[in-house]
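**Student:** Whatever this is, show me its structure:
(one chain, ligands or ions: 1)
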Amino acid sequence: MRVAFVGKGGSGKTTLSALFSRHLARSGAPVLAIDGDINQHLAEALGEEEKSAPPLGERLGEIKEFLRGTNPRITSREAMIKTTPPGRGSRLLRPLGDDELHARHVGRAGGVPLMVTGEFEESDLGVACYHSKLGAVELYLGHLADGPGEYVVVDMTAGADAFASGLFTRFDITFLVAEPTRKGVSVYRQYRDHAEQFGIRIAVVGNKVACEDDLLFLKEQVGDDLLAHLVQSPWVRAAEQGRTEGGLDALDSLEPHNRHALTILRDAVDSHPRDWDRLHRHAVEFHLRNARAWADARTGEDLAAQIDPDYVPGGTPLNT
Ligand SMILES: Nc1ncnc2c1ncn2[C@@H]1O[C@H](COP(=O)(O)OP(=O)(O)OP(=O)(O)O)[C@@H](O)[C@H]1O
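**Tutor:** Take a look at the predicted model:
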């Protein structure tokens, strides 16, 4: 299952992505964490970096080439489109599979396998924007045949920037991290309205809740979309300052309330029905809209015609 953490800058996306990934890994579940945030701090939040991996964003061409495999339907023209249109993939991947892409691109931090998109750089301004780096993650997820009990956890970039790439359509569940503030919940409203168009399931996770009034505020603003909340945590602060032991066992000393919140998140993921068709349809819808906008704005070419809406993910034979 694919899970995204989104929200306002500073709300705690990275902290929760790290805690949730460690919680899953601690139970022995296969989990891959991906840092898709412009501010790349997930490795740090996970704990000690045991093995670094090259940023995915710098290898988009290479990744496309690998995923293309031998499928002649992928043309070189597509290399010019930042994200391969959904439905044209030839090679399906198993999470953390024994293949070249995982061997090269998966590092390890705090006991958790980790992929990173790479830092935002000056060269990302203009034509080659940061979203092409996110495009590498989208491409990866578009080819991933993950099953129940396997987890991919993505720390997304802040606020509305997350919508600029089709990546946001690729998740089973999107956890929106909201502090109990007006700004925190305004990002929720923005995300909810946008996500609704693409049938995306959002569950709000309150964070840094300090008192009963904070919780009431969140309930009032978010209603039934509030799935769980984490309280203001001295453990998180101490971990950030390097005052706690690293490793997965360290989670045992996280406040019981916050540990319980992580189990609620996991239950929500585990009980969510996987719907390949929905995942695919919304990704196609996003890319069709985007491709039409691109065609109008830039070349006038019909990029939308290159997207194959009839392809069913997982319906093509594995050719790895
Ligand atoms: N429950 C919590 N209790 C105490 N501190 C917290 C909690 N959650 C997050 N923090 C702290 O809040 C700060 C911001 O958290 P974090 O970096 O996870 O946010 P972010 O949304 O990923 O930020 P950015 O958008 O900048 O990447 C960090 O200093 C983190 O340690």
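
**Student:** Can you name the residues of the protein that neighbour the ligand?
**Tutor:** Proximity of the chain to the ligand (C-beta under 6 Å from any ligand atom) is limited to residues 7, 9-15, 37, 39, 41, 158, 207-208, 230, 232-233, 236-237, 240. (Glycine included, C-beta is placed from N, CA and C.)

**Student:** Just the buried ones from the residues you listed?
**Tutor:** Buried members of those, scored by 16 or more other C-beta atoms under 10 Å, are 7, 11-15, 37, 41, 158, 207-208, 230, 233, 236.

**Student:** Secondary structure element for Leu60, which one?
**Tutor:** Here Leu60 sits within helix 60-68, counting by DSSP states H and E.

**Student:** Centre of the chain to that helix, how far?
**Tutor:** Centroid separation for helix 60-68 versus its chain: 20 Å, with C-alpha atoms, centre = their mean, to the nearest Å.

**Student:** Who are the packing partners of it?
**Tutor:** Where contact means 3 or more C-beta pairs under 8 Å, 6 or more residues apart in numbering; DSSP states H and E, helix 60-68 is packed against helix 100-105, helix 131-142.

**Student:** quick one: the residue in the stretch 201-320 of the chain that the ligand sits nearest to from Leu19, how far?
**Tutor:** Nearest residue of the stretch 201-320 of the chain to the ligand: Ser233, at 3.5 Å (C-beta to the nearest ligand atom). With distances taken as C-beta to C-beta, to the nearest Å, Ser233 is found 9 Å from Leu19.

**Student:** measure the closest residue to Gly57 other than its chain neighbours to the ligand for me?
**Tutor:** Excluding its sequence neighbours, the residue lying closest to Gly57 (C-beta to C-beta, 6 or more residues apart in numbering) is Lys133, at 2.9 Å. Per C-beta to the nearest ligand atom, to the nearest Å, Lys133 is found 15 Å from the ligand.

**Student:** any idea how far Tyr191 is from Lys133?
**Tutor:** The spacing between Lys133 and Tyr191, counted by C-beta to C-beta, is 21 Å.

**Student:** of those two, who's got more company?
**Tutor:** The residue with more neighbours, out of Lys133 and Tyr191, is Lys133; 27 against 24, by other C-beta atoms under 10 Å.

**Student:** The more buried one and Pro55 touch, don't they?
**Tutor:** Yes. Lys133 lies in contact with Pro55 (C-beta atoms under 8 Å); the separation is 7.4 Å.

**Student:** between Ser233 and Leu19, what contacts are shared?
**Tutor:** Residues touching both Ser233 and Leu19 (C-beta atoms under 8 Å, 6 or more residues apart in numbering) are 254, 258.

**Student:** What residues sit buried inside stretch 224-244?
**Tutor:** Buried positions in stretch 224-244, judged by neighbour count with 16+ other C-beta under 10 Å: 226-231, 233, 235-236, 239, 244.

**Student:** Closest to Val137 out of these?
**Tutor:** Distance to Val137 across these (C-beta to C-beta) is lowest for Leu227, with 23.8 Å.

**Student:** pretty sure the closest one is in a strand, no?
**Tutor:** Yes. Judged by DSSP: H, G, I helix; E, B strand; the rest coil, Leu227 forms part of a strand.

**Student:** Who's the closest spatial neighbour of it, skipping the chain neighbours?
**Tutor:** Residue nearest to Leu227 in three dimensions, not counting chain neighbours: Ala203, with 3.9 Å by C-beta to C-beta, 6+ apart.

**Student:** pLDDT score for Leu67?
**Tutor:** Looking at Leu67, its pLDDT reads 72.

**Student:** burial of it, as a residue count?
**Tutor:** Using other C-beta under 10 Å, Leu67 is surrounded by 22 other residues.

**Student:** I figured it was touching His143, is that so?
**Tutor:** Yes. Look at Leu67 against His143 with C-beta under 8 Å: they come within range, at 5.2 Å.

**Student:** need the longest strand for the chain.
**Tutor:** Once the chain is assigned using DSSP state E, the strand that runs over the most residues is strand 202-209.

**Student:** Tell me the neighbouring strands of it, and mark each as parallel or antiparallel.
**Tutor:** Paired strands of strand 202-209, with direction, are strand 173-178 (parallel), strand 226-231 (parallel) (DSSP bridges).
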